[in-house]
Structures are given as structure tokens and as C-alpha cells.
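Colleague: here is the input, now give the coordinates:
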Amino acid sequence: MPGLMKNKITATAGPAATEPPVPAESCLGPWESSTMPVYCRDLAGAFVAGNLAFNRKFRRAGQELAGAPIESFIHPEDRAAFLTVVNQSARMVSESSRTHRWQTSNGWRWFAWEEAPFFDGESRPAGVRAIGRDITRQRLAEELYIKLTRAVDQSPVAMAITDAEGRIQYVNPKFIQATGHSLEDIINNNVAVLREGHPSEESYQQFWASVRLSGEWRGDLSRRLPDGGLMWESVHVSSMRNGAGEITNFLCMREDITERRRLQDELRQAQKMESLGTLAGGIAHDFNNLLAVVTGYAEIGSLHADDPAVLQKSLREIIRAAQRASGLVRQILTFSRKAEVHFAALDLNQLVRDLAALLSETFPRVVNFSLDLEEQLPPLLADHNQLQQVVLNLCVNARDAMPSGGVLSVSTRRCSGRELPSPNADPKKNYACLRVGDTGVGMSPDVRNRIFEPFFTTKPINQGTGLGLAVVYGIVASHQGFIDVESTPGLGSTFRIYLPLAENTPLEVAAAESRDFPGGTESLLVVDDEDPLRQLLQLALTRKGYRVITACNGLEAIDFIANPDCVLDAVLLDLNMPGATGLEVLKVIRAIRPNLKVLVLSGHLTEESRSEIEQLGQNCFVPKPYTLDDLGRRLRLLLKA
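Modeller: I've put the predicted structure just below:
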């Protein structure tokens, strides 16, 4: 048995395979000159000998180590396992492998030791010879791999890996939780993971063009959940390349930002109301002026009814004042309404003119407006409501910076992306520059560096939340634009907003129409709880040849609709009424007379109400206040359809 044991051990040792057993003092044998660290220990775990490579690695001379316990080299956390092995050394009959952390001249390092017994002259076990390899890099790589794997598996962000063609290869647990798609489900059903959320095939193809050109794509996408709710996700797709720089895979990360979007919408809505509050005093003043004009000219007209010239002038002024009041109401509703973002071709110059007209009436008279708008400026592809808010917020800030008055200048011009200072500008695009400047107090560099931070404000307490410019920044960024600010204390500030032009997108231009709308002979039901409006419509439409009956509330309207002897071709329906609302009347119409045509008249139609009405198949709306000409033409189009 000892001979067999010796043959097995020496055969494994390589060069020592044909050598006779060596005594303890020469246990290293041919390993003395090896480049690998080798040491020998006795059966009690004390150091016997080490080769030159071992001594260099651990910076110790052999004679200094003689008799030293090997455990003193080993990391405290690994010593218990090592001592267990030492206690079994006397029974060692074959080679074994051990991995421990050892203290070296370069700190703690991981070593893999191949251990085998050596024998004395009588072939009895005398100790253990260990041949080592520094595996620190390998061990750290393994630990890093484990950490990365755990990080991906436990990540709160949904992750997926695809091949270069977008075919899925891996999804983490969060992805399965968020989408309901397991890896097996995706593969078996050929689910196009990267397609989800894109509103159209064109959008999806643009995504692929971008990710293949630049190697990455970022954007916000929405998708419907099984319960019908809408989920918003921030999606980032980046390329993974091999050593030759070729794209081999794509990493897709999807983060749920539904709550963030909701909070952003609420933040913008709160800031809208704050902005509207700053205008409340001026709006009240403007409305009082308009009412004074209306009542004054009405009195003059009634006193001089026999003078056609005076009467005509009075009526013209009343109509003009009413139109101004109508425009002011529309502006207020636009600012206060919580609307969905809708990008469409927008005339920036017209938007500035409309707001300047409103603000010049509501701002203090010591603030003078100066407009310099470049003619023939191409349209923007933008959300009208949000761009209004940008201009309003900048103008309100400019007004507040001039407490003693000054000049508020607004200008527009067209410029090339190549000449713009921002690195974010696309040199291939043209931009519209919206410049809003003031001659106010200006800002110090420290203040200027913080103006876009939410809730940062230099205004006194209760005079501002610090949300205005933060909202401006967010809106401009969402429109792929950027902002440049210049300011000098005592000399005023200038904000330049750069937004990409949509030069190939035409604006919708309303055709000019005659002031006398066409008539008809159809039978109409006018439903409105306001007696003057009801009488006005009955008078105007009857004079145009229509047969008109009226209802003062929803219940009376339902009686007419339910009466089979009542001939009706169309209903002019107000929404906000006592008894039964316009929506309830519309439901009765769709149930009893599904082919009866309806024109909805409303002073304020919310998104929720509009959506509910459209689900009933109703798409014809006329907002209040309306002109008789507009209402008459819309009615004629409805009856001809």
C-alpha cells in the first residue's frame, strides 16, 4: 500500500515521478526552482520550507519562516477551514485542492493550492507540499459576475437583451412583472418587445434607424395595461459591441414613470393656476372696462334709437367689446384647463401677438410692450397650450423684474442650427428664436445658475413658488429645444428660446366667410336653460326659414324627443342644464332617434366630458360664446352631411 500511494503521488508531481521518497528537510525537491510558489508544512501545520518564488511572493526568507504556523498567513475568515484541513493531514492519502486568501506583500490575495503529502525515508507521511496559483483576478471576476447578475435580476428597472435583429434573448424578473411576458412566452409567441409602446409603424422604423446609426435611443412610450389603464415608461435602448466594434446585441431598459408623469402634469397645472392668479387683477379690470363699454353704448343706443347712425355705431362698439371679452375668456380657459399634450403646426408670431394683446391689457401701464416679429416665419411643431405657458411665464417674470416699469421686448427670428451656441443644436435644422427681454433689475451669476431649479425663487414669501422657469425648461426640453439666458445686475435680462422649425408642415388657414349665414326649412329643437339665448336662437333661425321649437331644460327636451308626432331634423343642445343634463338628453336621443342630428353648444367642455360625448358618436361642437354666423354655417353643414 505505501508503494502504491507513493507512485500515485509522484506521478502527479511530474518531474518527481521517478524520485524516491524525500525527507522533510528536502521536501521541495524539483519544485525548489519553480516559478510557482511552493511551500511545505508539517502535520501540525507549521512551516517547513518554501521555494524562492514563495519567499518573493510573501517577502520572507526561508529561515525566518521555519516553524511558523501557516495559519498566520491566512485571512481570519478562512483560518477555521484551513485548521480543519490541518487536523486531517495525518490521514491524507491523495492530492487535494484548497482555496484561501493569503497575506502577501501586495495585500490579501486569493490562492488556489494543489496539496499532496510527502513522506519520510520510511514512506510515512511527514507533511504536506502545496503548489500555489494566484487566482485573485479570476476570483474577483467571478464575484463581479455574481454581483452584476444579482443587480440585473434584482433591478427595479425592466431589462431585456436582444440580438442585433431585435430578437429577445434574456429578460429580467422585473421585465416579466412589468409586461407579463416571460422569456418562454416571448420566444414561443414571437413577441416584438422593442415594438411595444411605439404609436405607429413609422415611429418604430424611426427608432430602428436611430439606434442603428447612433447606437442608442431614448424616449418616453405609453402602453395600455390589461385593466385599461395607461402606463408611461422611460425607454433606453443601447448597443452592445464585440471586440471588433460590431453591434451584437441591444440592451433595452424600461422604467415605469407613470407616477412621475402624473406629478409633472400636476406641477404644470399648479404653475398655470399661479400664473393665472398673477393676472387676476388685470383681468378683472379689463372685464369691467368691457362691461362699461357694453352698458354705456347700450344706453346711448336706447336713448337715440331714432338716429340710425348713432344706433349703428353703438351696436358696432357693443359687438367689438363682446368679441374682446370672448377672446379673453378663451385665453383664461386655455391657461386653466388641464389638457392633453397635442403637437401640431403652430404660428409662433400669432401666438405672441395674441398673448401680447392680453398681457398689455392686464399688466401695469408702466410696462411697455415692444414686438419685433420676423415675417414669414415657418411654423413650429408644438403644443399650443404649452407654448402659451412658456411665453406667459417669461413675460410675467419680466414684469416682476421691472417693479417701477420699463420695456418688455418680444421678438422672433429664424436661425440656422450651425450658428447657435448650444452643443445640443442640430446643424442640419433651422430654429425659431423667441427672445423675451426686459430692462429690469437683472440677476447675479449665482442666481442665474439656479433659475431653472424647481421652487427656487428670489421673490418675497407668498409671491411666487419658483415653479415658472422650471416648467419653462421642461416644456422647451420636451419640444427638443434649448434656452440661453443673459443677465446683468441693473441692466435687465434676456431669455432666448430656440425651437426647431417644421418648415414642411402647413398651417391650417380658415377660409374667409360671408357674415350672412345660409338658411333652411328644416325643423329644429333648441334646448337651453338661458332664456335670452333661447329666444335669440329662435328669432335668428326663424328669420332664416327654419321651423323652431324650444325647450328650457333637459326634461322638456326629452318630452319633445319621445313624442313620435314631433318632427325634428336637428337638435341644438346645451350641456349644462337643470333637470336632465345635455349628456342625458343625448343618451335619450341615441336610444330613441339614433339618426337625429345634434349640434352640441357648450361654454366649457372638459376633456372627460368630451370623451364621454364622443363615445356616443357625437362629434359636432360649437363653443360658447359663438357668433350667429358661425353657428348658422355649422348647422347647415351638419344638415347637409
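Colleague: CA atoms of stretch 75-86 as CSV?
Modeller: The C-alpha coordinates for stretch 75-86 follow below in CSV (Å, rounded to 0.1, in the frame of the first residue of the first chain):
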residue,chain,number,x,y,z
HIS,A,75,-7.2,35.6,6.2
PRO,A,76,-9.0,35.3,9.6
GLU,A,77,-12.2,34.4,7.8
ASP,A,78,-10.5,31.4,6.1
ARG,A,79,-8.5,30.1,9.1
ALA,A,80,-11.2,27.8,10.5
ALA,A,81,-11.5,25.9,7.3
PHE,A,82,-7.7,25.7,7.0
LEU,A,83,-7.2,24.3,10.5
THR,A,84,-9.8,21.7,9.8
VAL,A,85,-7.7,20.5,6.9
VAL,A,86,-4.5,20.6,9.1
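Colleague: what's that stretch in contact with?
Modeller: 41, 43-45, 70-71, 74, 96, 98, 100-103, 108 (C-beta atoms under 8 Å, 6 or more residues apart in numbering). In this view, the C-beta of every residue, glycine as well, is placed from N, C-alpha and C.
Colleague: restricted to strands, list the residues you listed.
Modeller: 41, 96, 98, 100-103, 108 (DSSP state E).
Colleague: among those residues, show me the least confident.
Modeller: Across the ones in strands among the contacts of stretch 75-86, the smallest pLDDT goes to S96, namely 82.
Colleague: picking up where we left off before, just the buried ones from the contacts of stretch 75-86?
Modeller: 41, 43, 45, 70-71, 74, 98, 100-102 (16 or more other C-beta atoms under 10 Å).
Colleague: max pairwise distance over these: which two?
Modeller: Across these, the longest distance by C-beta to C-beta is 23.3 Å; it joins L43 and R101.
Colleague: rewinding a little: columns distance to E614 on top of the contacts of stretch 75-86, output as CSV?
Modeller: Below are the contacts of stretch 75-86 laid out as CSV (distance: C-beta to C-beta, whole Å):
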residue, distance to E614
R41, 87
L43, 90
A44, 90
G45, 85
I70, 83
E71, 81
I74, 77
S96, 79
R98, 76
H100, 74
R101, 71
W102, 76
Q103, 77
W108, 71
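Colleague: returning to what we had before: with distance to I146 added, can I get the ones in strands among the contacts of stretch 75-86 in TSV?
Modeller: Conversion of those to TSV gives the following (distance: C-beta to C-beta, whole Å):
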residue	distance to I146
R41	32
S96	25
R98	21
H100	19
R101	17
W102	22
Q103	24
W108	19
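Colleague: relative to V485, which of these is nearest.
Modeller: Using C-beta to C-beta, the ones in strands among the contacts of stretch 75-86 come closest to V485 at W108, 53.4 Å.
Colleague: for the closest one, what are its contacts?
Modeller: So W108 contacts 75, 101-102 (C-beta under 8 Å, 6+ apart).
Colleague: likewise for Y170?
Modeller: 159-161, 183.
Colleague: ok, now T581?
Modeller: T581 touches 554, 575, counting by C-beta under 8 Å, 6+ apart.
Colleague: so how far is E614 from it?
Modeller: T581 sits 16 Å away from E614, going by C-beta to C-beta, to the nearest Å.
Colleague: can you list the low-confidence ranges for the stretch 301-450 of the chain?
Modeller: 324, 326-341 (pLDDT under 70).
Colleague: the strands in it, which residues?
Modeller: 343-346, 367-373, 380-383, 406-416, 430-438 (DSSP state E, counting those that start in this stretch).
Colleague: and the strands in the stretch 51-200 of the chain, which stretches?
Modeller: Under DSSP E, counting those that start in this stretch, the stretch 51-200 of the chain gives strands at 96-104, 107-119, 125-134, 158-163, 168-171.
Colleague: mind listing what's buried along the last one?
Modeller: Put plainly, it is strand 168-171. 168, 171.
Colleague: now swap in stretch 357-367 and tell me
Modeller: 358-363, 367.
Colleague: would TSV of those residues with distance to F621 be doable?
Modeller: Shown next, in TSV, are these (distance: C-beta to C-beta, whole Å):
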residue	distance to F621
L358	24
L359	29
S360	31
E361	28
T362	29
F363	33
V367	37
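Colleague: among the residues you listed, which are in helices?
Modeller: 358-362 (DSSP state H).
Colleague: the strands of the stretch 301-450 of the chain: which one's closest to V585?
Modeller: The nearest among the strands of the stretch 301-450 of the chain, by C-beta to C-beta, is strand 343-346 at 32.1 Å.
Colleague: ok, so what distance separates E419 from S487?
Modeller: On the measure of C-beta to C-beta, E419 and S487 end up 22 Å apart.
Colleague: could you pull out the strands for the stretch 501-641 of the chain?
Modeller: 523-527, 547-551, 570-574, 597-602, 621-623.
Colleague: from the chain's centre, how far out does the longest one sit?
Modeller: Read that as strand 597-602. Distance of strand 597-602 from the chain centroid (C-alpha atoms, centre = their mean, to the nearest Å) equals 37 Å.
Colleague: mind saving the C-alpha coords of that strand as PDB?
Modeller: C-alpha atoms of strand 597-602 as PDB (Å, rounded to 0.1, in the frame of the first residue of the first chain):
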ATOM      1  CA  LYS A 597     -78.500  65.100 -35.900                       C
ATOM      2  CA  VAL A 598     -77.200  67.100 -32.900                       C
ATOM      3  CA  LEU A 599     -75.100  70.200 -32.500                       C
ATOM      4  CA  VAL A 600     -73.700  70.500 -29.000                       C
ATOM      5  CA  LEU A 601     -73.400  74.000 -27.600                       C
ATOM      6  CA  SER A 602     -71.100  74.400 -24.600                       C
END
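Colleague: what angle separates it from strand 570-574?
Modeller: With axes from the mean of the first three to the mean of the last three C-alpha atoms, to 10 degrees as the basis, strand 597-602 and strand 570-574 are set at 20 degrees to each other.
Colleague: neighbouring strands for strand 597-602, and are they parallel or not?
Modeller: strand 570-574 (parallel), strand 621-623 (parallel) (DSSP bridges).
Colleague: which of the ones you listed sits most buried?
Modeller: strand 570-574 (a mean of 23; mean count of other C-beta atoms under 10 Å).
Colleague: tell me which residues are up against it.
Modeller: By C-beta under 8 Å, 6+ apart, strand 570-574 touches 522-530, 533, 537, 557, 561, 582, 585-586, 589, 596-602, 631, 635, 638-639.
Colleague: narrow those to those that are buried.
Modeller: In those, the ones that pass as buried (16+ other C-beta under 10 Å) are 522, 524-529, 533, 537, 557, 561, 582, 585-586, 589, 597-602, 631, 635, 638.
Colleague: stretch 614-625: end-to-end distance?
Modeller: Using C-alpha to C-alpha, to the nearest Å, one end of stretch 614-625 lies 21 Å from the other.
Colleague: just the buried residues of that stretch, please?
Modeller: Going by 16+ other C-beta under 10 Å, stretch 614-625 has these buried residues: 618, 621-624.
Colleague: these into CSV, with extra columns for distance to R262?
Modeller: Below are the buried residues of stretch 614-625 laid out as CSV (distance: C-beta to C-beta, whole Å):
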residue, distance to R262
Q618, 29
F621, 28
V622, 32
P623, 28
K624, 31
